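> take a look and give me a structure for this.
(one chain, ligands or ions: 1)
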Amino acid sequence: MEHRQRGPRAAGTPATRIGTTRPTSRRSSLRVLASFVLVAVTGIAAAATQSFSVELAGGRVKGSDTLKVRQGEQVEVRFSSDRPIVLHLHGYNIEAKVVPPAPAVLAFKANVAGRFPVHEHREGPGNHRATLFIEVHP
Ligand SMILES: [Cu+2]
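Numbering: from 1, shown residues only. Below is the predicted model:
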């Protein structure tokens, strides 16, 4: 059995622990750990998300009213609003309820191509008026 002291580990070791025997398998378990980390990082890269932030004032969008994504992408739209609002993504049939000051997130996988309105659900006038369009391009 060989007992070689390697530089970095020996340098930080307190004098009282110099005689301590260490398990010889330590190096190989580090290598196994490293390959697990690599798999985890690759997994995160594959699940990349298209993220948008949309600000609403009086139920209307500030800035562009059309978001464009590619079919198959994971989409995340973060809505903030100056008043409580219920938003409905037509076609995908998903709802987001914004209760200020907290934003609400509309998250979905863009499996279906097309131009889909996001409209407001409310009592009385303004119900179902489109606030935003999400275009899913093939
Ligand atoms: Cu609706």
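> what comes up buried for stretch 58-70?
Neighbour counts over stretch 58-70 (16 or more other Cβ atoms under 10 Å) mark Gly59, Val61, Leu67, Val69 as buried. Glycine gets a C-beta too; all of them are placed from N, C-alpha and C.
> mind listing residues that contact it?
Applying Cβ atoms under 8 Å, 6 or more residues apart in numbering, the contact partners of stretch 58-70 are 50, 52, 54-56, 75, 77, 81-83, 85, 110, 120, 126, 129-138.
> and that stretch, how far apart are its ends?
Stretch 58-70 has an end-to-end distance of 29 Å (criterion: Cα to Cα, to the nearest Å).
> go on, stretch 51-68?
11 Å.
> on the three-state scheme, the nearest residue to Pro103 once chain neighbours are set aside is what?
Excluding its sequence neighbours, the residue lying closest to Pro103 (Cβ to Cβ, 6 or more residues apart in numbering) is Ser80, at 4.3 Å. What DSSP: H, G, I helix; E, B strand; the rest coil gives for Ser80 is strand.
> tell me the contacts of Ser80?
Contacts of Ser80 were listed using Cβ under 8 Å, 6+ apart, and they are Ser53, Val54, Glu55, Leu56, Val98, Pro100, Pro101, Pro103.
> in ChimeraX, select just the buried ones from those.
The ChimeraX command for the buried members of these (criterion: 16+ other Cβ under 10 Å) is given here:
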select :54,56,98,103
